[in-house]
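Enquirer: give me a model of this one.
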Amino acid sequence: MKKNKIFSVILSLALVFGVGFTALSFPTTASAKIEDAWEDTIITGYNKHTVELSATEGFPYLKVQVINRGADTVTATLRHKDTGRIVMNEKVGSGKIFDFKKNDGIRSGTYEFTFHSEHANLDVYYAGKTSDIKW
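Expert: Below is the predicted model:
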């Protein structure tokens with residue numbers, strides 16, 4: 001009698017673990033494809049600097065991080081070069097980190113990312129990427 005009870009308990013546990021393992025092995029969310037990725041540190045003897053970035057068609061969702069390591073507040077502006085549309089315009093305080101997500105889509109094409117400080121030279125790190133699914 002005890003052998004039958006032990007056997008049924010072991011069989012039940014094996015079944016539970018088997019179902020759990022199978023359920024975990026299937027993907028539960030879509031995997032994002034990253035197309036465009038940018039990263040750089042800007043340390044200049046000037047208080048303004050612009051870089052050009054590109055966004056590929058079909059990857060409209062944007063994620064950006066700006067870290068201001070300088071002595072003054074920096075204004076970070078991301079603007080579509082052809083249309084002039086400003087996607088992001090944010091003041092980032094000295095020693096602060098700014099994270100930005102744009103999930104309602106951006107146009108493909110060339111963007112100008114401008115960093116400007118009123119009273120000090122720039123020391124800014126930025127990173128960004130586009131994806132085919134929302135962040």
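
Enquirer: when you work out contacts or count neighbours from here on, use the C-alpha atoms and nothing else.
Expert: Noted.

Enquirer: could I get the pLDDT score of residue 106?
Expert: Model confidence at residue 106, given as pLDDT, is 95.

Enquirer: roughly how far apart are the residue most central in space within the chain and residue 44?
Expert: The residue lying closest to the centre of the chain (Cα atoms, centre = their mean) is residue 63, at 3.5 Å. According to Cα to Cα, to the nearest Å, residue 63 stands 25 Å off from residue 44.

Enquirer: the residue nearest to the centre of the chain and residue 54, how far apart?
Expert: Counting by Cα to Cα - residue 63 and residue 54 are separated by 13 Å.

Enquirer: for this structure, which segments count as helices?
Expert: 2-25 (DSSP state H).

Enquirer: still on that earlier bit, tell me what the residue nearest to the centre of the chain is bridged to.
Expert: residue 101, residue 129 (DSSP bridges).

Enquirer: that one contacts residue 98, doesn't it?
Expert: No - using Cα atoms under 8 Å, residue 63 is not in contact with residue 98, being 10.8 Å away.

Enquirer: and the contacts of stretch 92-110?
Expert: 52-76, 80-82, 87, 134-135 (Cα atoms under 8 Å, 6 or more residues apart in numbering).

Enquirer: if we go to 7 Å?
Expert: 52-57, 60-75, 80-81, 134-135 (Cα atoms under 7 Å, 6 or more residues apart in numbering).

Enquirer: now do stretch 59-69
Expert: Against stretch 59-69 from outside (Cα under 7 Å, 6+ apart): 35, 74, 92-103, 105-107, 123-134.

Enquirer: type out the ChimeraX command that picks the buried ones from the contacts of stretch 92-110.
Expert: Here is the ChimeraX command that selects only those of the contacts of stretch 92-110 that count as buried (16 or more other Cα atoms under 10 Å):
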select :53,54,55,60,61,62,63,64,65,66,67,68,69,70,72,73,74,75,80,81,134
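
Enquirer: where strands are concerned, which of the contacts of stretch 92-110 count?
Expert: Using DSSP state E, 52-55, 61-68, 74-75, 80 are the members of the contacts of stretch 92-110 that sit in strands.
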